[in-house]
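Peer 1: Quick one: sequence plus predicted model below, questions after.
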Amino acid sequence: MELDRGAAIVTGAAGGIGTCVARRLASAGMSVVMADLDGARLAQVSEELAAEHPEAELVAVRGDVGDPEHHVELVEAARCLDGGLRLSVLNAGVSVPGLSWEVPLETWELTTRVNYWGVVHGLRAALDEFADPSAGRTGWVVAVASGAGLVATPGLAPYVATKHAVVGMMEATHHELARVGSPSGVSVVCPGNIATPMPSRNESIPGASAYPEVLESIEAAVVSGVEAGADPSTVADAIVEGVAEERFWLMPQPEIAWAAGDRVRRIGEGEPPVDLLG
Ligand SMILES: NC(=O)c1ccc[n+]([C@@H]2O[C@H](COP(=O)([O-])OP(=O)(O)OC[C@H]3O[C@@H](n4cnc5c(N)ncnc54)[C@H](O)[C@@H]3O)[C@@H](O)[C@H]2O)c1
């Protein structure tokens, strides 16, 4: 499905990958409904994009992806734009470090609300618009999962759990759309390290660990990995090129597919999992 007309929703559009995806879609000729919880950053980013792409229709909507009503509002905003909703990129996400038994329940709940329910609500709202084969509308949903949806890294159990859930839900939905004969589809993108401000946005709780040195070394590895990560445009390119070819798996970095393959091999051969942070 070519992404050169109609409207797209991008959640988490005021952040690294989301902003880059919104910019790429606007330059390809789509109207974009840009959504984020951070209204001030969203206003600034959407003004910058409007100046760069005066020909594109851009709408900024502040809201929380954990709220199903927010997604209804986003779909309604896209419906009002030329060509209607054709693409939804469910990208908003949070990641808070900690050991699984030490991170407060609030962290598990926040991560689940944003990374898991944010995708459930967005998927339901978009597919309600274009899943039905008799509706005469075609569209695509892309969930931004992570390499952490295919292999587990230490120090991020809530993040890893929600990203695995997103991969599974999108794969099941892919099969369901095929079974009902829908012309619409879904993809999941599993980036490795991407250089964005994400780690700096989500502070850990100081002094909350009985193993501060272990946690510090994990956090240092995560931060240095992200700082040395690929440019967010790698993810935007993978989405635009992958959806054009109607592919399910969008893998911007080949090493993630390799690590996932090695995990499956280890499962088959009964070998223990590998700690990818070394
Ligand atoms: N940066 C990486 O290395 C990396 C790797 C793999 C996957 N990802 C995924 O990519 C996506 C984007 O991450 P990023 O690196 O650009 O981070 P980012 O922090 O720059 O962007 C995330 C955006 O989501 C927004 N957000 C947070 N909670 C929200 C909520 N409740 N409702 C609406 N918006 C909310 C934030 O305000 C922020 O603008 C995330 O889902 C993340 O898990 C990132």
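Peer 2: Cool, the structure landed.
Peer 1: which of the residues in stretch 29-39 are buried?
Peer 2: Met30, Ser31, Val32, Val33, Met34, Ala35, Asp36, Leu37 (16 or more other Cβ atoms under 10 Å). From N, CA and C alone the C-beta is placed, and that goes for glycine too.
Peer 1: The ligand next: which of the residues you listed are close?
Peer 2: Asp36, Leu37 (Cβ under 6 Å from any ligand atom).
Peer 1: Present the buried residues of stretch 29-39 as CSV; the columns should include secondary structure.
Peer 2: Listed next are the buried residues of stretch 29-39 as CSV, based on DSSP: H, G, I helix; E, B strand; the rest coil:
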residue, secondary structure
Met30, coil
Ser31, strand
Val32, strand
Val33, strand
Met34, strand
Ala35, strand
Asp36, strand
Leu37, coil
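Peer 1: Looking at the buried residues of stretch 29-39, spot the one nearest Asp128.
Peer 2: Nearest to Asp128 among those: Val33, at 15.8 Å, using Cβ to Cβ.
Peer 1: The closest one: what's it in contact with?
Peer 2: Residues in contact with Val33, defined by Cβ atoms under 8 Å, 6 or more residues apart in numbering, are Ala7, Ala8, Ile9, Val10, Val59, Val61, Leu74, Ala77, Ala78, Leu81.
Peer 1: now it: how far from Ala143?
Peer 2: 17 Å (Cβ to Cβ, to the nearest Å).
Peer 1: same deal with Leu90?
Peer 2: Here the criterion is Cβ to Cβ. By it, Leu90 lies 5 Å from Ala143.
Peer 1: Give the residues shared as contacts by these two.
Peer 2: By Cβ under 8 Å, 6+ apart, Leu90 and Ala143 have these common neighbours: Val119, Gly122, Leu123.
Peer 1: I'd like to know which helix or strand in the chain has the lowest mean pLDDT.
Peer 2: Lowest on mean pLDDT, DSSP states H and E among the helices and strands of the chain sits helix 198-201, with a mean of 80.
Peer 1: Tell me which residues of that one come out buried.
Peer 2: Met198, Pro199.
Peer 1: What distance do you get for the residue positioned nearest the centre of the chain to Ala236?
Peer 2: The structure's the chain has its C-alpha centroid closest to Val144; by Cα atoms, centre = their mean the separation is 2.2 Å. For Val144, the distance to Ala236 (Cβ to Cβ) stands at 11 Å.
Peer 1: who touches both of the two?
Peer 2: Both Val144 and Ala236 are in contact with Ile17, where contact means Cβ under 8 Å, 6+ apart.
Peer 1: Tell me where the stretch 51-200 of the chain has strands.
Peer 2: 58-62, 85-90, 140-144, 185-189 (DSSP state E, counting those that start in this stretch).
Peer 1: Output those in JSON lines; the columns should cover mean pLDDT and distance to Gln44.
Peer 2: JSON lines is the format used below for the strands of the stretch 51-200 of the chain (pLDDT from 0 to 100; distance: least, Cβ to Cβ, whole Å):
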{"stretch": "strand 58-62", "mean pLDDT": "98", "distance to Gln44": "10"}
{"stretch": "strand 85-90", "mean pLDDT": "98", "distance to Gln44": "20"}
{"stretch": "strand 140-144", "mean pLDDT": "98", "distance to Gln44": "21"}
{"stretch": "strand 185-189", "mean pLDDT": "98", "distance to Gln44": "25"}
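Peer 1: Could you save these as CSV and add columns showing distance to Leu42?
Peer 2: What follows is the strands of the stretch 51-200 of the chain, written out as CSV (distance: least, Cβ to Cβ, whole Å):
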stretch, distance to Leu42
strand 58-62, 5
strand 85-90, 15
strand 140-144, 17
strand 185-189, 21
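Peer 1: Which of those strands sits closest to the ligand?
Peer 2: The closest of the strands of the stretch 51-200 of the chain to the ligand is strand 140-144. By Cβ to the nearest ligand atom, the value is 4.5 Å.
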